[in-house]
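Enquirer: Mind folding the following:
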Amino acid sequence: MEMFEKVDALRQRANVGYEEAKNALERSNGDVLEAMILLEREGRTGSAGYQNFNAGCAAETKCNKGDGKSIGEKFKSLIHKSTVNYLVIDRKDERILRVPVLAMILLLIFIFPATVCALVVSLFLDCKYSFEGADEMKTANEVFGKAGDIADQVKEKVVSEYNAL
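Expert: Next up is the predicted model:
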């Protein structure tokens, strides 16, 4: 296989550019497998290339599929994310509460019924929920917005029914 073909094959499998693939091949004396391993060790392979490279592994072999993180590292990352992101409760443009997501998770685990009741009741008291922090949680904030809209509609319907009596 000539150098261009090796570079192109490595580039596609590792999901890197031509220059990076060429440099890796030069450092591995033209061995495509060694170059791929070198790029993986340096954390330079793209996810698509990494999956394609491991696609040939048989089910019974021990292939490293995934992001390479141990369960402990994943748990540590999850705990970190739950402490740098916050659940925010606002009412009439005034901040009532801002707590780490971890605190809300613990409340839901240990006092589930009371937490859920408080969240639902506060929706009917014009409270608005959102997430803020290090991670963008656009979808979750949209869901909270829709829940608030539904609570407002239900509240308006109940009030209009009560006034009609």
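Enquirer: what about the helices in this protein?
Expert: Under the criterion DSSP state H, the chain contains helices at 3-14, 18-27, 32-41, 47-54, 71-84, 101-110, 112-124, 138-164.
Enquirer: Remind me what the second one packs against, helices and strands.
Expert: For helix 18-27, the contact count by 3 or more C-beta pairs under 8 Å, 6 or more residues apart in numbering; DSSP states H and E identifies helix 3-14, helix 32-41 as packing neighbours. Every C-beta, even on glycine, is put in place using the N, C-alpha and C of the backbone.
Enquirer: quick one: pLDDT of E156?
Expert: E156 carries a pLDDT score of 91 in this model.
Enquirer: measure it to Y162 for me?
Expert: Remark: distance between E156 and Y162 (C-beta to C-beta, to the nearest Å) = 11 Å.
Enquirer: helices and strands of the protein: which one bottoms out on pLDDT?
Expert: helix 47-54 (a mean of 44; mean pLDDT, DSSP states H and E).
Enquirer: which residues does Y18 contact?
Expert: V7, D8, R11 (C-beta atoms under 8 Å, 6 or more residues apart in numbering).
Enquirer: what pLDDT does the residue nearest the centre of the chain get?
Expert: For the chain, the residue nearest the mean C-alpha position is D135 (8.2 Å; C-alpha atoms, centre = their mean). We have a pLDDT of 78 for D135.
Enquirer: residues in contact with it?
Expert: Applying C-beta under 8 Å, 6+ apart, the residues near D135 are K81, V84, N85.
Enquirer: Now for the first one, how many residues are close by?
Expert: Close neighbours of K81, defined as other C-beta atoms under 10 Å, add up to 14.
Enquirer: ditto for the second one
Expert: Applying other C-beta under 10 Å, we find 13 other residues in the vicinity of V84.
Enquirer: Does it touch F131 like I think?
Expert: No: checked against C-beta atoms under 8 Å, the pair V84 and F131 is beyond contact range at 11.1 Å.
Enquirer: The residue nearest to R91 when sequence neighbours are not counted: neighbour count?
Expert: Of all residues not flanking R91 in the chain, C127 sits nearest, at 4.8 Å (C-beta to C-beta, 6 or more residues apart in numbering). Neighbour count of C127, defined by other C-beta under 10 Å: 18.
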